[in-house]
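1. Take this sequence and fold it.
(one chain, ligands or ions: 2)
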Amino acid sequence: MKPEQRFAHPVLDASALGAAPVAVRLLGDDVVLWRDESGTPRAAPDRCPHRGTRLSLGRICAGQIECPYHGWRFDGAGRCVHIPALPDFTPRATHAVAIFGVIEAHGLLWLHLDPEAVLPRFDAETDPKLRKLNVGPYDVATSAPRIVENFLDLAHFGFVHEGWLGDRAHVALDSYRVEPTANGFVATGCRAWQPQSNRLSSEGSWVDYRYELTAPYAAVLTKLPEKQDGYRDEIALFVCPVDEDASRVWFRMALTDHDSSDEQVRTFQHTIFTQDQPVLESQRPRRLPLSGGEVHCAADRSSAAYRRFLGEHGITFGTC
Ligand code: FES
Ligand code: FE
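-> Ligands and ions are numbered 1, 2, ... in the order given. Got it, this is the predicted structure:
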């Protein structure tokens, strides 16, 4: 098993899986999701073991997925339970499809191959004082590591997010610290001057930033604006590594903002991310270079730590 397959990855909004099968892609493979009779989400390779047809083109009958070609049916454990051309035949165990583990969390469905796989931690999820909602998904034409590295990057605010998360008069960075954790690292001592830090901010303010890498393709940002006493944003970035150079992105927001509508929060975050997206999609190579080819400066401490983390953990999907 490749190192990246030892982690659970988000693939779909839980609310997007209803009565019909849904096709997704993860780590370069096609996967079909459906709900069994009890409503439990199930996942399998999107390829019928009979003749290779996409199971996601089929339908769900009593919680079993039916292949669109010859109607073979597979139950939630992946067993073939019915071959219509041979109604009295009991299909062999070898007629089964493999089944992936599915976890429902943070409003998303996560897939894993490894029973030991754990979700990236997001402690704010259980904080009753914070209001939660998801923004996304965004389909982005670049690798998952490019997106994570951009999320950890402070030096682009005054350029990419000018007038929002930064301005050109305040682009110099304080020195910040990066320390390893059990699952990644944490960057502290970061500060940014932000004209419009969140939807409720009414004036520019210094904002304390704390970043934590929580998995190869997930990170959490904590923002504390100095001028909004008691206000806190916790934003988790969850990236699905779809292909080496294509990703699907969600933001799980946990905010002190209980006043804005969901639509207003989404519009703010959408504005910010659609400022990042064209820059991200312009980067070449799309995969994150771990073995040279780009130059660095001291302000890139968190991105250097991220590249080192990927290298040390043998994560190759989305890197070159
Ligand atoms: Fe799926 Fe024949 S290809 S039942
Ligand atoms: Fe950005």
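
2. so how far is Phe74 from the residue lying farthest from the centre of the chain?
-> Each residue of the chain has a distance to the centre, and by CA atoms, centre = their mean the biggest one is for Asp88: 44.8 Å. Between Asp88 and Phe74 the computed distance is 19 Å (CB to CB, to the nearest Å). To be clear about C-beta, it is placed using only N, CA and C from the backbone, and glycine gets the same treatment.

3. Kindly report the same for Gln264.
-> Where Phe74 is concerned, Gln264 sits at a distance of 43 Å (CB to CB).

4. These two: which is more packed in?
-> Each of Gln264 and Phe74 has its neighbours counted (other CB atoms under 10 Å); Phe74 has more, 27 against 13.

5. Next up, the contacts around Val22.
-> When contacts are counted by CB atoms under 8 Å, 6 or more residues apart in numbering, Val22 is found next to 12, 16, 32-34, 56.

6. Relative to Ala117, how far out is it?
-> Look at Val22 and Ala117: by CB to CB, they are 21 Å apart.

7. my read is Ser302 is in a helix, agree?
-> Yes - going by DSSP: H, G, I helix; E, B strand; the rest coil, the assignment for Ser302 places it inside a helix.

8. Name all residues that make contact with it.
-> Contacts of Ser302 by CB under 8 Å, 6+ apart are 152-154, 176, 178, 185, 187, 211.

9. 7 Å - rerun?
-> For Ser302, the contact set (CB atoms under 7 Å, 6 or more residues apart in numbering) comprises 152, 178, 187, 211.

10. ok, then the element right after the helix or strand harbouring Trp110?
-> With elements taken from DSSP states H and E, the one containing Trp110 is strand 108-112. Stepping forward along the backbone from strand 108-112, the first helix or strand reached (DSSP H and E) is strand 131-140.

11. which residue ranges form the helices in the chain?
-> Listed in chain order, the helices of the chain (DSSP state H) span residues 144-151, 157-160, 262-282, 301-312.

12. so how far is the shortest one from its chain's centroid?
-> For helix 157-160, the separation from the chain centroid amounts to 23 Å (computed by CA atoms, centre = their mean, to the nearest Å).

13. you'd agree Glu244 is up against Thr142?
-> No - between Glu244 and Thr142 there is no contact, the gap being 9.9 Å when judged by CB atoms under 7 Å.

14. Which parts of the stretch 201-320 of the chain are strands?
-> Shown for the stretch 201-320 of the chain, the strands assigned by DSSP state E, counting those that start in this stretch span residues 205-215, 218-225, 233-243, 246-255.

15. for the third one, what is the average pLDDT?
-> When pLDDT is averaged over strand 233-243, the result is 98.

16. Over to the shortest one?
-> Mean pLDDT, computed over strand 218-225, is 96.
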